[in-house]
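Undergrad: For reference, the sequence and a predicted model appear below.
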Amino acid sequence: MQLSARNQLGGKVTGVELGAVMANVKIEIADPNVITAVITKESAEKLGLSEGDDVTAIIKSTEVIIGK
């Protein structure tokens with residue numbers, strides 16, 4: 001699948017925490033950098049996400065904040 005989003009970070013799922021409605025998915029993008037995606041529980045289940053899965057985090061945003 002091709003996407004127009006340019007911010008695509010490949011990584012490995014290091015944890016999935018399912019809540020009543022939402023799921024927190026931790027993705028190691030480069031040791032020791034981890035990002036957390038909050039998605040619906042339904043989406044996490046539909047994707048069958050589990051620890052060790054190779055995934056791509058796709059970031060589509062109109063705002064990026066940089067600190068120094």
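TA: Received the coordinates, thanks.

Undergrad: mind listing the helices for this protein?
TA: Remark: helices assigned in the chain by DSSP state H are 41-47.

Undergrad: Need the residue in it that's farthest from the chain's center.
TA: Lys68 (24.6 Å; CA atoms, centre = their mean).

Undergrad: Now do the same contact list for Glu45.
TA: Leu18 (CB atoms under 8 Å, 6 or more residues apart in numbering). In this view, the C-beta of every residue, glycine as well, is placed from N, C-alpha and C.

Undergrad: Kindly report the same for Gly10.
TA: The contact partners of Gly10, taken as CB under 8 Å, 6+ apart, are Ile29, Asp54, Val55, Thr56, Ala57.

Undergrad: Of those residues, keep whichever come out buried.
TA: Among the contacts of Gly10, those classed as buried by 16 or more other CB atoms under 10 Å are Val55.

Undergrad: which one among the contacts of Gly10 gets closest to Lys41?
TA: Val55 (16.6 Å; CB to CB).

Undergrad: Surely that closest one and Leu9 touch.
TA: No - contact criterion CB atoms under 8 Å: Val55 and Leu9 do not qualify, at 9.3 Å.

Undergrad: Give me the common contacts of those two.
TA: Jointly contacting Val55 and Leu9 under the rule CB under 8 Å, 6+ apart are Ile27.

Undergrad: coming back round to it: how far away is the residue farthest from the centre of the chain from Ile35?
TA: As judged by CB to CB, to the nearest Å, Lys68 and Ile35 stand 20 Å apart.
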